[in-house]
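>>> Sequence first, predicted model second:
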Amino acid sequence: MTRCARHAWLALSGFTAIALAAADPAFFASKVYPALENAQCRSCHAHDGVASGTRLHFPPKDAGNDAIQTFGISLGALVDRAGPSKSVLLTKPTNRTAHTGGQRIKPGSDDERLLVQWVEHLASLSDDALAAARAPAVKASAKPNELVRRLTHSQYNNTVRDLLGDDSRPALRFPPEDYVDGFKNQSRGQGMSPLLIESYSAAAEKLALNAFRAGDANRLVPCKPASADDEKCRDRFVHTFGRRAFRRPLLDAEFQRYAAAFSAQARASGKFLEGARAVVEAMLQSPKFLFHVEAGPDGRFRDYAVASRYSYLLWDTMPSEELFEAASRGELQAVAGRDRWARRMVQSPQARQAADEFFSQWLRFDRVLNAFKERRRFPEFTPELAAAMVEETRRLLQDLVWKDGNFMDAFRADYGFLNADLSTLYKVPAPQGEFQLVRFPRETPRAGLLGQASFLASSAGPTETSPTARGIFVREQLLCQHVPPPPPNINTTLAEPSEEKPLTRRQRLAAHVDNPTCAACHRLMDPIGFGLESFDAIGRWRDKETILVNASEENRRPKRIDLPLETGGEIAGLPNSAFSNARQLGSILAESPVCQTCIVRQLFRYAVGRLETPADQEVIDRLSARFRESGFRFQELLIALGPAVESVPTKSTIGN
């Protein structure tokens, strides 16, 4: 740096780095950090932000001043000590150096002056200080408190099926579950509304009645009662059914309470099974059945809690009798025992239903099953075709998982599992049977999940494609990068094309980049969708975009205009990520460590019922390494995930 440049730099900084450090040791936390927060740098530079693959990671929102100060020092890795004015810590947010997020701090502003002062301070630090600064800025020492979770609707249906032999799937009539952080089982979204409580009560009454409507057809009572008040048989039933319903042995107080309820009903009716029905109905309404609290109030049943966690992760239902017995014998205490049981459970047919449930939520099958398409433009889009789209995706994933293939091939598979309707949509020869493997022609641009109609149709509108929605899906579901919501009161209406000014969807979306308020986020989403514009709103290949413009007074029918497509796209923030079709995009994602780790993160979130935190990073890294070393075998990831779901509440004050 020349002497004149140095003077100009110091004039902008206002005072020397030594004076800065001496004047206020907490300068970064009190001045600079709020400026970066106001610039919304965290929204991208977080562990789940679109810039998660860069060197800059902000601490959690609730980080204390010490952690923030440590983070500030760690920014020395982004400072050019020989020429502070050239530091990316300064040139990126001001967009002097091309920045994916655009200009976040205005050159010449007070916020820039604060940042300049901090850069100057970091440039003055010793080599030892900078080396220490390159260590992770935040190291959480403990995992977050585990929140008590309840059974999901899918788990409820499967559990009453295996507990009672009842296939009526009563949870289909419960209030619908909300997707929170990508899934329906996240603890912070599992409220208990009055309507849900009422639904549980009604379901318990009906299930208990059906359980004994034809006597004890499902053999819930493990003995033959001599009379209505046979206490010995009563006790065996309460203990046996209670262990299965609560997924652990009953406490003495619990046993006494349910035994008394049994006897009261049996004596009043003169029927042993009426006493059993009363116990079943009561237990199905208990939080001990509805919630995952298998460890018990004092943590004494931890082995049963491990069995339950494994079972609901790998089977999406309650433990089997064999798994209960393994827990009672202590077989799940050692790592070798848990690994042995996990491998055995993964080979069970029930593991397929559990994996299907995860995939259906992760990839949002509900969006295509509930999609609406304008009938006149897409007459072939029917509920049956939508179901076939989902089935194709499900079959591809099942094939990779249960044949122990490379799971990253889900993004680059040059084949699909098609029926006649999908073959017509894709314009390939139809298979002889339903949902058989069909190889795509070598030159086709369709491949993998992002070339499948389930994704392409679900991420489009009733009449038009949505590059923004397709980009958001890739960012959030496949890269685990959270895209901030649009600012409040922003006008999202795009200019309508006209006969005088016909515009493609891509040309209309250029308004997002022209508007500074929209540009920062939309340049992260829209270019991904632009690379998929060769697929229309139901996933059909197209060479041109057909738009309908308003009719003239002489002709009331809309006029159709064909426009050439521009399908160049990119994933901003990923190196060498330019593409122009689904096949190329799939190859980029399959080779991306960000996408590979995201699969691990998504399964972790699903397994533990919450977003990962910095405290979980070691576990995520370990799981990612095992996934990678296995050749991306999904079964190995499921087995390795077991230890991550073993942390359970050791004490619960939950009610009866």
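Received the coordinates, thanks.
>>> I'd like the distance between the most centrally placed residue in the chain and Leu611.
For the chain, the residue sitting closest to the mean C-alpha position, by Cα atoms, centre = their mean, is Gly182 at 3.8 Å. Using Cβ to Cβ, to the nearest Å, we find Gly182 at a distance of 9 Å from Leu611. Backbone N, C-alpha and C define where each C-beta goes, glycine included.
>>> Common neighbours of those two, please.
Arg605 (Cβ atoms under 8 Å, 6 or more residues apart in numbering).
>>> returning to that earlier point: my guess is the residue nearest to the centre of the chain contacts Gln602. True?
Yes: in terms of Cβ atoms under 8 Å, Gly182 counts as a neighbour of Gln602; the distance is 6.9 Å.
>>> what sits in contact with each of those two?
Common contacts of Gly182 and Gln602 (Cβ under 8 Å, 6+ apart): 362, 477.
>>> How are the strands of the protein distributed by residue range?
Secondary structure of the chain (DSSP state E): strands located at 415-418, 436-439, 544-549, 559-564.
>>> so which of those is the most packed in?
Greatest average neighbour count among the strands of the chain goes to strand 415-418 (a mean of 22), per mean count of other Cβ atoms under 10 Å.
>>> Output that one as PDB, restricted to C-alpha atoms.
Extracted C-alpha coordinates of strand 415-418, given in PDB (Å, rounded to 0.1, in the frame of the first residue of the first chain):
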ATOM      1  CA  TYR A 415     -33.600 -44.200 -16.200                       C
ATOM      2  CA  GLY A 416     -37.000 -44.000 -14.700                       C
ATOM      3  CA  PHE A 417     -39.700 -46.400 -13.400                       C
ATOM      4  CA  LEU A 418     -42.500 -45.600 -15.700                       C
END
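>>> related to what we said a few turns ago, check contacts around the residue nearest to the centre of the chain.
Going by Cβ under 8 Å, 6+ apart, Gly182 touches 361-362, 476-477, 602, 605.
>>> Also Gly448?
409-413, 582-583, 586, 590.
>>> What's the local residue count around the nearest residue to it once chain neighbours are set aside?
Among residues not flanking Gly448 along the chain, Gly586 sits closest, at 3.6 Å (Cβ to Cβ, 6 or more residues apart in numbering). Look at Gly586: counted by other Cβ atoms under 10 Å, it has 25 neighbours.
>>> And the one 4 residues further on, by the same measure?
By the measure other Cβ under 10 Å, the count of residues near Ala590 is 20.
>>> what's the answer for Arg557, then?
Neighbours around Arg557, by other Cβ under 10 Å: 8.
>>> Of all the helices and strands in this protein, which has the lowest average confidence?
helix 17-23 (a mean of 40; mean pLDDT, DSSP states H and E).
>>> Now do the buried residues in the helix of greatest length in the chain.
As assigned by DSSP state H, the longest helix anywhere in the chain is helix 383-402. For helix 383-402, the neighbour count (16 or more other Cβ atoms under 10 Å) marks 385-386, 388-397, 399-401 as buried.
>>> Next: stretch 270-280.
So for stretch 270-280, counting by 16+ other Cβ under 10 Å, buried means 272-280.
>>> Likewise for stretch 427-447?
428, 431, 435, 438, 440, 444-447.
>>> ditto for stretch 170-188
170-171, 174, 177, 180-187.
>>> Could you do stretch 623-641 as well?
Buried residues in stretch 623-641 (16+ other Cβ under 10 Å): 623-624, 626-627, 630, 632-641.
>>> Tabulate the strands of the chain (JSON lines), appending distance to Gln347.
What follows is the strands of the chain, written out as JSON lines (distance: least, Cβ to Cβ, whole Å):
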{"stretch": "strand 415-418", "distance to Gln347": "22"}
{"stretch": "strand 436-439", "distance to Gln347": "23"}
{"stretch": "strand 544-549", "distance to Gln347": "48"}
{"stretch": "strand 559-564", "distance to Gln347": "52"}
